[in-house]
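# got a sequence here, can you model it:
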Amino acid sequence: MHISIVGTGYVGLVSGVCLAEKGHTVTCVDIDAAKVQQINQGDPPIYEAGLAELLARTVGTRLFATTDLPAAVHASDLTLIAVGTPFDGTTIDLSYIKQAARDVGAALRTKDAYHAVIVKSTVVPGTTSDVVRPLLEEAAGKRAGRDFGVGMNPEFLREGTAIEDFMAPDRIVMGGMDERTLDRLDALYAVFPDTDKLRTTPRTAEMIKYAANALLATLISYSNEIGNLCSALGDIDAQDVMRGVHLDKRMSPLLPDGSRITPGFTSYLSAGCGFGGSCFPKDVKALVAHGSSAQVPMPLLQSVLDINAAQPQQMLRLLRAHLPDLRGRRVAVLGLAFKPGTDDVRESPALPVIRSLRAEGAHVMAYDPVAAHEAQAVLGTEGITYAPSLAAALSDAEAVLLITRWPAFAEVPALLEGRSPAPVVIDGRRMLAKDSVPRYAAIGWSSTSTTGDGTATAAPSLSHTATAPS
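Now for the predicted structure:
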């Protein structure tokens, strides 16, 4: 098929290169001429693991970028709208969606062949049918269902593993206004013959995306609440607690040969310093706001957000137990992206942690393998040194806060070996063994417990290492 994609952000560009890799001919459309030129030169404007290699393999043969939206629509069978939908605290901003609908509709005015317009951006239920469709009809001077199709096809891509997720999807949700639109989506995704596909309405497809993200965010905040209680009680490791929970056969079934299946969702049942990124925080907030607008309070999801907003401060609480006065202290913050494999710092737990450190007078040495430039654009440079390497960040640190689970950070114990005095390491992702550094503290674990007479005693060390996914 010939496909046009409006928007070249994380969703649009990843979708484009993956569909091109699968054999479709794809034209990515963006209003930014510099970004278009960069893509056509094989240089991705965003960092995503594996994206550069895939773009280099497809650009100029099956993938092209342009600023000419009408030409892209006319040359394609289907258009995916993959523009941003930022959240302003009350509603999602549909201005980019609306403009894309108007532009695509205007192109359809002079196109005779049937064309399907599919929203891939995350939008609240009703947006495709009640906002996008009327704008398309008005701009095209044509009627949806007769002259063109309208649908919704949510993405389920995790930043950092987006290429892998697209190329090996666990499900494809196709929301169409009619059978003809759904058939066009079926043709698009025929290149994934072994993947479960759900044919449904646009409104249901929109809700599936929000429900899926809200569930995963809830699992994280639940785990963090349990972890905070474990830490307060002492002599309990939340990692061991969650391992015990995971062994429930309903969560990790046993096969006839006695081996156990460990579903990927259990990685979200692990205490840490909070979730971030462009999806979970925005989508849960938008769903809560959408429920409020429908006079349906959503106290559970509001609690998910409240727990997550407070979770980065657990890193500061642990740090203050070792360094009560942070004025003038040199604190290394490892990880600025909200997760490994991406340069996205949106809603990253590192941002409130660094702001709090600066407010208390600490000097921050920040390091991230790919996201330093993006973080600097948000945080500035006052009181913050952006280290060029992990070793440089650790060189004279009195404390180390591990925020993002980058694989390179497994080298921290070796880089700190022999340091005197030893800096305290606060592990926000439970990535390191407790005994790998002389002074260790972590989310979901306390090094002391309380005996019956109220005195504090050291908790026994464990013979294994807790290493839950981020």
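
# which elements pack onto the longest helix seen in the chain?
Across the chain, the longest stretch assigned as helix under DSSP state H is helix 202-233. Applying 3 or more C-beta pairs under 8 Å, 6 or more residues apart in numbering; DSSP states H and E, we find helix 202-233 packed against strand 148-152, strand 172-176, helix 238-246, helix 280-293, helix 299-310, helix 313-322. For every residue, glycine as well, the C-beta is placed using N, CA and C.

# next, the angle strand 172-176 makes with the first one.
Regarding strand 148-152 and strand 172-176, their directions subtend 140 degrees when assessed with axes from the mean of the first three to the mean of the last three C-alpha atoms, to 10 degrees.

# other SSEs contacting strand 148-152?
Counting contacts by 3+ C-beta pairs under 8 Å, 6+ apart, strand 148-152 packs against strand 115-119, helix 133-140, strand 172-176, helix 179-188, helix 202-233.

# switch to 6 Å and redo it
If contacts are counted by 3 or more C-beta pairs under 6 Å, 6 or more residues apart in numbering; DSSP states H and E, strand 148-152 sits against strand 115-119, strand 172-176, helix 179-188, helix 202-233.

# again with the longest one
Where contact means 3+ C-beta pairs under 6 Å, 6+ apart, helix 280-293 is packed against helix 202-233, helix 299-310.

# would you mark the buried spots in it?
Under the neighbour-count criterion of 16 or more other C-beta atoms under 10 Å, helix 280-293 has 280-291 buried.

# likewise for the fifth one?
Taking 16+ other C-beta under 10 Å as the neighbour-count basis, helix 299-310 is seen to contain the buried residues 301, 304-305, 307-308.

# got the helices and strands packed on helix 280-293 as JSON lines, with distance to Met365 columns?
Compiled in JSON lines, the helices and strands packed on helix 280-293 are given as follows (distance: least, C-beta to C-beta, whole Å):
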{"stretch": "helix 202-233", "distance to Met365": "26"}
{"stretch": "helix 299-310", "distance to Met365": "25"}
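
# for Arg320, find the nearest of those.
When these are compared by C-beta to C-beta, helix 202-233 sits nearest Arg320, at 13.7 Å.

# check the offset of that closest one from the chain's centre.
Distance of helix 202-233 from the chain centroid (C-alpha atoms, centre = their mean, to the nearest Å) equals 13 Å.

# that helix to helix 179-188, inter-axis angle?
Inter-element angle recorded for helix 202-233 and helix 179-188: 60 degrees (by the same axes, to 10 degrees).

# which ones are touching Ala33?
The contact partners of Ala33, by C-beta atoms under 6 Å, 6 or more residues apart in numbering, come to Thr67.

# now do it against Glu206, distance only.
Separation of Ala33 from Glu206 (C-beta to C-beta, to the nearest Å): 32 Å.

# likewise Gly60?
According to C-beta to C-beta, Gly60 and Glu206 sit 35 Å apart.

# between the two, which is the more surrounded one?
The residue with more neighbours, out of Gly60 and Glu206, is Glu206; 25 against 10, by other C-beta atoms under 10 Å.

# thinking again about what came up before, what is the nearest of the buried residues of helix 280-293 to Pro154?
Asp283 (10.5 Å).

# okay but the closest one is in contact with Ala211, surely?
No. Taking contacts as C-beta atoms under 6 Å, Asp283 lies outside contact range of Ala211: 9.7 Å.

# where in the protein is pLDDT low?
Applying pLDDT under 70 to the chain flags the ranges 448-470.

# ok, 80 please
Low-confidence segments of the chain (pLDDT under 80): 88-90, 447-470.

# please parse it into its domains.
As recorded under automatic domain parsing, the domains making up the chain are 2-199, 216-458.

# what about the shortest one, how long is it end to end?
Right, domain 2-199. This stretch, domain 2-199, spans 22 Å end to end (C-alpha to C-alpha, to the nearest Å).

# the strands in the stretch 351-470 of the chain, which residues?
363-367, 384-386, 399-402, 424-427, 440-442, 448-450, 456-458 (DSSP state E, counting those that start in this stretch).

# can you redo those strands as TSV with mean neighbour count and distance to Asp112?
Conversion of those to TSV gives the following (neighbours: other C-beta atoms under 10 Å; distance: least, C-beta to C-beta, whole Å):
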stretch	mean neighbour count	distance to Asp112
strand 363-367	23	56
strand 384-386	17	55
strand 399-402	25	59
strand 424-427	26	61
strand 440-442	23	63
strand 448-450	14	75
strand 456-458	11	78
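
# including distance to Thr266, could those go into CSV?
Formatted as CSV, the strands of the stretch 351-470 of the chain follow (distance: least, C-beta to C-beta, whole Å):
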stretch, distance to Thr266
strand 363-367, 30
strand 384-386, 35
strand 399-402, 22
strand 424-427, 20
strand 440-442, 19
strand 448-450, 27
strand 456-458, 30
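
# what are the ranges of the helices in the stretch 51-200 of the chain?
Under the criterion DSSP state H, counting those that start in this stretch, the stretch 51-200 of the chain contains helices at 51-58, 69-74, 95-108, 127, 133-140, 162-167, 179-188.

# most neighbours per residue, which of those?
helix 127 (a mean of 22; mean count of other C-beta atoms under 10 Å).

# just how off-centre is that one within its chain?
Mean C-alpha position of helix 127 versus that of the full chain (C-alpha atoms, centre = their mean) differs by 22 Å.

# likewise for stretch 284-296?
In this view, stretch 284-296 has its centroid 21 Å away from the chain centroid, taken as C-alpha atoms, centre = their mean.

# ok, now stretch 41-49?
Here the centre of stretch 41-49 is set off from its chain's centre by 17 Å, with C-alpha atoms, centre = their mean.

# identify all contacting residues around that stretch.
Stretch 41-49 is contacted by residues 35, 38, 51-52, 55-56, 59, 160, 162, 341, 343, 370 when judged by C-beta under 6 Å, 6+ apart.

# and if you look at stretch 182-200?
Residues contacting stretch 182-200 (C-beta under 6 Å, 6+ apart): 1, 22, 78, 116, 149, 151, 169, 171-176.

# the residue lying closest to Ala410 once chain neighbours are set aside and Ser270: what is the separation?
With sequence-adjacent residues excluded and distances taken as C-beta to C-beta, 6 or more residues apart in numbering, Ala410 is closest to Met431, at 6.8 Å. Plainly put, Met431 is 11 Å away from Ser270 if you go by C-beta to C-beta.

# same question for Ala422.
Distance, Ala422 to Ser270, using C-beta to C-beta: 26 Å.

# one more: Lys35?
In this view, Lys35 and Ser270 are 36 Å apart by C-beta to C-beta.

# and those two? which has more neighbours close in?
Between Lys35 and Ser270, Ser270 has the larger neighbour count (other C-beta under 10 Å), namely 25 against 20.

# which strand or helix spans that one?
Using DSSP states H and E, Ser270 sits within no helix or strand.

# before we move on, back to that, pick the most buried one from the helices and strands packed on strand 148-152.
Burial of the helices and strands packed on strand 148-152 is given as mean neighbour count (mean count of other C-beta under 10 Å); strand 115-119 ranks first at a mean of 27.

# so how far is stretch 58-67 from its chain's centroid?
Centroid separation for stretch 58-67 versus its chain: 26 Å, with C-alpha atoms, centre = their mean.

# just stretch 320-338 next, same as before
Counting by C-alpha atoms, centre = their mean, stretch 320-338 is centred 25 Å from the centre of its parent chain.
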